[in-house]
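1. based on what follows, work out the 3D shape:
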Amino acid sequence: MGIFTREKKEKLNKGLEKTKESVFKKLSRAVVGKTRVDDTVLDELEEVLISSDVGVDTTIKIIQRIEERVSRDKYMGTSELNIILKEEISALLSENKADGDMDFSIPSGNKPYVIMVVGVNGVGKTTTIAKLAHQFKNKGLKVMLGAADTFRAAAVDQLQIWADRAGVDIVKQGMGSDPASVAFDALSSAKANDLDVVIVDTAGRLHNKINLMNELGKIRKVMDKVVDGAPHEVLLILDGSTGQNAFEQAKQFTKATEVNALAVTKLDGTAKGGVVIGISDQFSIPVKYIGVGEGIEDLQVFNREEFVDSLFS
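-> Numbers count the residues shown, from 1 in each chain. Have a look, this model is predicted:
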């Protein structure tokens, strides 16, 4: 992973401000008048984590880890609680390989490297695609977008606007055209022009899981015919501001297709940033990227240590 620069850290700190403020207020109330971590404090802490959208299962794991430390260390003051939380959450995410493993680079051996992007409408799918394209381009990679969300006319138009902003090519067809056909054209063009990365948008619908599975399955088959092993990455975009609803979307999409990377967006506008911890822990899929602002530069590779440090420092 690349170096986590001071500028990135400042953006991350700013992006997590609302979550941090909410968590610290709740933590302060949990330990007021207490000097040591006891069962009462742990019960309060459990409530703090659950209400911060960390999720029940992940919260139980964190509390168990802290209970073990309290038992081992015998006396633990409440003043140490932030440090303990940071250490135990980082350790938990480390065990689950929660980090994205690259700094906007792509694995060697696949050219073009094909990313299929999935997620419901409104989660920041289009802007995340544009931010990714921008970051890849900054790395010196040649990038193409495929507008395979042909269900909404606005989706194609929005992707075109963002492709122009990012300065990358786009392959598109009219509204209602076959998404698999768009994917075929995009990959064929990228292959013919020796491009490095193709990012293919797909329709964000969950109204009928069977239709979704069939459509995504068809797109995948067509991609594989053009480029061996494509898509190499299926990136699920989740809106961090929806809290527990993001868990449900992750469950639905991981059932519908083979998701192997996650991006959690809109963390700057919410106090529900704790959802990243729960999602990282509960799904055996790495959170690769997080969105911490609206600007084209405001997409970061997820670094668990820096994330937890920003949240609990």
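
2. and the end-to-end length of stretch 231-249?
-> End-to-end span of stretch 231-249 (Cα to Cα, to the nearest Å): 21 Å.

3. buried ones in it, by neighbour count?
-> Applying a neighbour-count criterion of 16 or more other Cβ atoms under 10 Å, one finds 231-243, 245-247, 249 buried in stretch 231-249. (Glycine included, C-beta is placed from N, CA and C.)

4. those in helices, which ones?
-> Among those, the members found in helices (DSSP state H) are 245-247, 249.

5. with respect to Ser310, which of those is nearest?
-> Ala246 (19.3 Å; Cβ to Cβ).

6. now that closest one: closest residue in space, sequence neighbours ignored.
-> Leu238 (4.3 Å; Cβ to Cβ, 6 or more residues apart in numbering).

7. and the one you found, what are its bridge partners?
-> Beta bridges link Leu238 to Val264 when assigned by DSSP bridges.

8. and it, how close does it get to Leu299?
-> Separation of Leu238 from Leu299 (Cβ to Cβ, to the nearest Å): 14 Å.

9. got any residues that touch both of those two?
-> Taking Cβ atoms under 8 Å, 6 or more residues apart in numbering as the criterion, Leu238 and Leu299 both touch Ala263.

10. dump the residue contacts of the spatially most central residue of the chain.
-> In the chain, the residue lying closest to the centroid (Cα atoms, centre = their mean) is Ala263, at 1.8 Å. Ala263 makes contacts with 128, 235-238, 287-291, 299, as judged by Cβ under 8 Å, 6+ apart.

11. surely Ile290 is within a helix?
-> No: using DSSP: H, G, I helix; E, B strand; the rest coil, the secondary structure at Ile290 is strand, not a helix.

12. surely it meets Phe307?
-> Yes: using Cβ atoms under 8 Å, Ile290 is in contact with Phe307, at 7.3 Å.

13. shared neighbours of the two, anything?
-> Common neighbours of Ile290 and Phe307 (Cβ under 8 Å, 6+ apart) are Val276.

14. which stretches in this structure count as helices?
-> 6-15, 17-31, 39-51, 56-73, 81-95, 125-138, 153-166, 179-192, 209-226, 244-256, 275-282, 304-312.

15. how about those in TSV, adding mean pLDDT and distance to Ser108?
-> What follows is the helices of the chain, written out as TSV (pLDDT from 0 to 100; distance: least, Cβ to Cβ, whole Å):
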stretch	mean pLDDT	distance to Ser108
helix 6-15	90	25
helix 17-31	89	36
helix 39-51	92	40
helix 56-73	92	34
helix 81-95	88	26
helix 125-138	95	14
helix 153-166	92	23
helix 179-192	97	17
helix 209-226	89	19
helix 244-256	89	27
helix 275-282	92	26
helix 304-312	89	25
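
16. and the ones you listed, which is most packed in?
-> helix 275-282 (a mean of 25; mean count of other Cβ atoms under 10 Å).

17. that one - contacts with which helices or strands?
-> Applying 3 or more Cβ pairs under 8 Å, 6 or more residues apart in numbering; DSSP states H and E, one finds that helix 275-282 contacts helix 56-73, helix 81-95, helix 244-256, strand 261-265, strand 287-291, helix 304-312.

18. closest one to Ala166 among the ones you listed?
-> So among the helices and strands packed on helix 275-282, strand 287-291 is nearest, using Cβ to Cβ, at 15.2 Å.

19. centre of the chain versus the closest one, how much separation?
-> Relative to its parent chain, strand 287-291 has a centroid offset of 4 Å by Cα atoms, centre = their mean, to the nearest Å.

20. contacts for that strand next, please.
-> Here strand 287-291 has contacts from 15, 98-102, 124, 127-128, 131-132, 235, 240, 261-268, 276, 279-280, 298-302, 307, using Cβ under 8 Å, 6+ apart.

21. still on that earlier bit, closest one to Asn193 among the helices and strands packed on helix 275-282?
-> strand 261-265 (25.0 Å).

22. how close does the residue nearest to Ala246 sit to Ile199?
-> Computed as Cβ to Cβ, the Leu238 to Ile199 distance reads 17 Å.

23. ok, Asp53 touching Ile279?
-> No: assessed by Cβ under 8 Å, Asp53 is found out of contact with Ile279, at 9.5 Å.

24. return the residues in contact with Glu88.
-> Glu88 touches 62, 65-66, 69, counting by Cβ under 8 Å, 6+ apart.

25. okay, now Gly174: neighbour count?
-> Neighbour count for Gly174, taken as other Cβ atoms under 10 Å: 9.
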